[in-house]
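**Q** sequence? don't have it. structure:
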C-alpha cells in the first residue's frame, strides 16, 4: 500500500515552454501533497505544500507564478513549470501523506526535467 | 540555511559489518526524525523513524538513535548487505514539513 506515482518519469522540453508533472496517490487518499526539487548530489528541497481544494503554500524563494501547483482531488496534484528555462532542469519529486499520519510521507519515483 | 546536516557524503563498509550514518540538526522544534533510502532516479523510500520523545527505535537490521541534547541522530545497519548500497537521507519534521540532509552514499563491499 501507500504507492505514489509520477508522470512523466522524464521529460525534455524547449526553453520557454511549459511542462506539467502529475503526482497520484494510487491506493490512498492524500490530505497533503508535497513537491520537492533535487539537484545532483544535494538534498531534497521542499518547494511547496498543497492541500486538496486549497492554494499551495510555497517555501521562501520559490516563485509561485513559475511553479503552478494544483491539488484538485485527494489523489492528484500537478506541478506545472511555466516558461521553463535551462536552470529549471532538475529532478522533481512529489510525496503524499496519509490523513492522520502527517509525519510520514510516501514519495513518488520522481520526474527528470531537462530544459534545452 | 541547512537545518539538517549529514557531514559524511560517503561511507564504504564490508558486507556483514555495521554501517553507522550520522546526522545533525539545528532546529530544536523538530519533533520527528526519519531515515530514507534512495536509489538513483527513484524517489526516497521510508526506512525508519523516531519521535523526539524517544532515544532509540529498532526495526530488524535498522536502529535509529536520537540524542536530543546533542541534536544528533544516527542510523545503524547491522549486518550490512550488498542491497543496502544506496543514498541515505536523514530528515526532520516540524509542522508536517520535512527538512532533508544532503545524503550519505553507502557502498557495501562484498
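**A** Received, thanks. Since we're looking at a predicted model, the values are computed, not measured. Numbers count the residues shown, from 1 in each chain, chains lettered A, B, ... in the order given.
**Q** Now do the same contact list for residue 77.
**A** Unless you meant another one, I'm taking chain A. A:22, A:23, A:30, A:33, A:35, A:50, A:69, A:70, A:71, A:94, A:96 (Cβ atoms under 8 Å, 6 or more residues apart in numbering or on different chains). For glycine as for every other residue, the C-beta is placed from the backbone atoms N, C-alpha and C.
**Q** The intended chain is chain B.
**A** When contacts are counted by Cβ under 8 Å, 6+ apart, residue B:77 is found next to B:18, B:19, B:20, B:21, B:61, B:62, B:84, B:106.
**Q** Residue B:34 against residue B:46, yeah?
**A** Yes: counting by Cβ atoms under 8 Å, residue B:46 is a contact partner of residue B:34 at 6.6 Å.
**Q** Tell me the residues that contact both of the two, please.
**A** residue A:104.
**Q** quick one: average pLDDT of stretch B:58-67?
**A** For stretch B:58-67, the mean per-residue pLDDT is 97.
**Q** How about stretch B:88-100?
**A** 89.
**Q** Same question for it: list its buried residues.
**A** Of all the residues in stretch B:88-100, those buried under the rule 16 or more other Cβ atoms under 10 Å in any protein chain shown are B:88, B:89, B:90, B:91, B:92, B:93, B:94, B:97, B:98, B:99, B:100.
**Q** Do you have the strands of the chain handy? List them.
**A** No chain was given, so I picked chain A. For chain A, the strands defined by DSSP state E cover A:4-7, A:10-13, A:19-25, A:30-38, A:44-51, A:57-58, A:67-73, A:76-81, A:90-98, A:101-107, A:111-115.
**Q** not quite, I wanted chain B
**A** B:4-5, B:10-14, B:19-25, B:32-38, B:45-51, B:56-59, B:62-67, B:72-77, B:86-94, B:97-100, B:104-109.
**Q** could these be laid out in TSV, adding distance to residue A:5?
**A** Formatted as TSV, the strands of chain B follow (distance: least, Cβ to Cβ, whole Å):
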stretch	distance to residue A:5
strand B:4-5	27
strand B:10-14	30
strand B:19-25	29
strand B:32-38	17
strand B:45-51	14
strand B:56-59	26
strand B:62-67	26
strand B:72-77	27
strand B:86-94	21
strand B:97-100	20
strand B:104-109	26
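**Q** Identify whichever of those strands lies nearest to residue A:11.
**A** Closest to residue A:11 of those, according to Cβ to Cβ: strand B:32-38, at 20.4 Å.
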